[in-house]
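# Dropping a prediction and its sequence here:
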Amino acid sequence: MAKRHSEAIVELTKEELEPGILGKLYQEGAKAVHLLNDDRVEQIWMELVVAQNKDFGKPFWQHSIVDFARNHAVKQMDVGDMWRFLPGNYGHIARKTILYPEPGSKTIKTIPESFWSGDRLTAPPQDILRIAWELATDVFKGALPAHTSYNNHAVVLELIK
């Protein structure tokens, strides 16, 4: 029988986030893991949520209803801009993007490739996409058994307000 973890929420540093650790902690009874002192989280937050720069535009939740409509992927819950409301429960607006590495390149590709912001299409900067990809891949490896090999995977980046 697996031993029980004494903490419901376990704190890990970036250095402790190694292959297999998340699966081990959850199997031992942890309910959640809080990643501490990983500057990648702040970089992603600052660039995609807080920043209002000329390259990527204002935060998506401040866009017009027209932009939301143009950025919505019909019959899709995996990509695009969307509103979701469950009366009496919760509501949120979200922007979802799939990230994956372009084979034979260091470029991170996205689906969709860009989003409307006013009269122009904008896309997250490649350096932030790379940081998000690396963070998600480290978490993914942490969830798998330590000696598992993996090759092909994609990451869904969700910004929720």
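Cool, got the structure. On a predicted model such as this, the values are computed, not experimentally measured, just so you know. Residues are numbered from 1 along each chain as shown.
# Which parts of this structure are helices?
Taking DSSP state H as the test, the helices found in the chain are 21-27, 39-45, 65-71, 126-143.
# Could you check the pLDDT of residue 39?
Turning to residue 39, the model gives it a pLDDT of 94.
# Please disregard the earlier target; I meant residue 98.
92.
# Which residue, neighbours along the chain excluded, lies closest to it?
Of all residues not flanking residue 98 in the chain, residue 111 sits nearest, at 4.2 Å (CB to CB, 6 or more residues apart in numbering). In this view, the C-beta of every residue, glycine as well, is placed from N, C-alpha and C.
# who's in contact with residue 38?
Contact analysis of residue 38 by CB atoms under 8 Å, 6 or more residues apart in numbering lists 13, 14, 17, 135.
# One more: residue 37?
Residue 37 touches 13, 14, counting by CB under 8 Å, 6+ apart.
# One more: residue 159?
With contacts defined as CB under 8 Å, 6+ apart, the neighbours of residue 159 are 48, 49, 60, 94, 95, 96.
# I'd assumed residue 122 was in contact with the first one.
Spelled out, it's residue 48. No. The pair residue 48 / residue 122 is not scored as a contact, 11.5 Å apart, by CB atoms under 8 Å.
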